[in-house]
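*Asks:* Sequence and predicted structure, then a few things I'm wondering about:
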Amino acid sequence: MILYRAVQGHFVEHNGSYYPIDEPSFGNLVAHEDLQGYLFAIMKKTSPTRPPEPSAILAPIEHQEVWAAGVTYYNSRRARIAESKDAGGGDFYDRVYSAERPELFFKAVAHRVAGPNTSVKIRRDATWSVPEPELTLLINPRAKIIGYTIGNDMSSRDIEGANPLYLPQAKVYDRSCALGPGVLIQSTPMGKSTQIHLDILRSGHSHFAASVAISELKRDPLTLVEYLFRDQTFPHGCFLLTGTGLVPPDSFTLQSKDEIRISIDTIGTLVNEVA
């Protein structure tokens, strides 16, 4: 089942039917003791309704923080080393890829997050910007993974490559993160064969396209969550972007009006235009 947050309220989709949820707070849903069971109970006693219009679907976030893991795929390790070699930072990325402790960093609060069919931004002072398509975990306040969505961790590669200490500036700015369109609610892990697909359209034509299986994710999502919750509490739950294995060539940089399409099997497609 997929949970949507929309202008009219919350909806759950199951087997092609949509059911309204009489709960105005997304945070209350995330904090529910058994969200999957609660949603199934609603579907049993509620009649299906018309699905929300695509333009009415909002980012599935309310008061949650968004965090991210870095260098969790080999392709990401390779790209980070290459872009930072002139600054002498390549060794850091090589070390964190093989270290027990993962790289985790703060990404966004809700007002900086773009929803589906809205615009993401590239920094005005960046010259090399890329999307980073990522399987994203929805985690409840008790550190339990309760769902999965699609995330876009927009990144300014030239800024981070100049010095690893510039990572917050390369990663954290208005509309530097997109989530959606909905959250796949399930208690079991995503299958290792699950594919993440990226297609970047320029003037209506595919300019870059690639796919990766989450089997190439080096870090166990449960381990990432355990490190994230060390000495931290998330009263409203949180999102965790798990890293990217899709890296456009060094000659590529996003431009205004590019359309970014990220699809993950069983979740859907997140579409955003670059402002």
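*Replies:* Received the coordinates, thanks.

*Asks:* Just name whatever secondary elements whatever helix or strand Y227 lives in is in contact with.
*Replies:* Under the criterion DSSP states H and E, the helix or strand holding Y227 is helix 221-228. Applying 3 or more CB pairs under 8 Å, 6 or more residues apart in numbering; DSSP states H and E, one finds that helix 221-228 makes contact with strand 103-108, strand 133-139, strand 145-153, strand 238-241. Where you see a C-beta, it was placed from the backbone N, CA and C, and this is true even at glycine.

*Asks:* Between these, which one is closest to R175.
*Replies:* Nearest to R175 among the helices and strands packed on helix 221-228 is strand 103-108 (9.0 Å), distances taken as CB to CB.

*Asks:* Just the residues contacting that closest one, thanks.
*Replies:* 65-71, 96, 153, 167-168, 171-172, 176-177, 224, 227-228, 241 (CB atoms under 8 Å, 6 or more residues apart in numbering).

*Asks:* The helix holding Y227 to strand 145-153, inter-axis angle?
*Replies:* 80 degrees (axes from the mean of the first three to the mean of the last three CA atoms, to 10 degrees).

*Asks:* Is it possible to get a markdown table of the helices and strands packed on helix 221-228 that adds mean pLDDT and distance to E23?
*Replies:* Below are those laid out as a markdown table (pLDDT from 0 to 100; distance: least, CB to CB, whole Å):
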| stretch | mean pLDDT | distance to E23 |
| --- | --- | --- |
| strand 103-108 | 97 | 24 |
| strand 133-139 | 98 | 16 |
| strand 145-153 | 98 | 15 |
| strand 238-241 | 98 | 19 |
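
*Asks:* I'd like those strands laid out as CSV, including distance to H205 and mean neighbour count.
*Replies:* Listed next are the helices and strands packed on helix 221-228 as CSV, based on distance: least, CB to CB, whole Å; neighbours: other CB atoms under 10 Å:
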stretch, distance to H205, mean neighbour count
strand 103-108, 30, 20
strand 133-139, 19, 26
strand 145-153, 20, 25
strand 238-241, 28, 27
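
*Asks:* To N117, which of the ones you listed lies closest?
*Replies:* strand 145-153 (12.8 Å).

*Asks:* Parallel or antiparallel, list what pairs with that closest one.
*Replies:* strand 133-139 (antiparallel), strand 177-185 (antiparallel) (DSSP bridges).

*Asks:* Can you tell me which of those is nearest to N15?
*Replies:* Closest to N15 of the strands paired with strand 145-153, according to CB to CB: strand 177-185, at 13.5 Å.

*Asks:* Quick one: mean pLDDT over that closest one.
*Replies:* For strand 177-185, the mean per-residue pLDDT is 98.

*Asks:* just how off-centre is that strand within its chain?
*Replies:* Its chain's C-alpha centre and that of strand 177-185 lie 7 Å apart, by CA atoms, centre = their mean, to the nearest Å.

*Asks:* sorry, back to before: kindly format the C-alpha coordinates of the helix holding Y227 as CSV.
*Replies:* This file holds the C-alpha atoms of helix 221-228, laid out as CSV (Å, rounded to 0.1, in the frame of the first residue of the first chain):
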residue,chain,number,x,y,z
PRO,A,221,19.6,0.2,6.0
LEU,A,222,19.1,-1.2,9.5
THR,A,223,22.7,-0.3,10.3
LEU,A,224,22.3,3.2,8.9
VAL,A,225,19.2,3.7,11.1
GLU,A,226,21.0,2.5,14.2
TYR,A,227,23.8,5.0,13.7
LEU,A,228,21.4,7.8,12.9
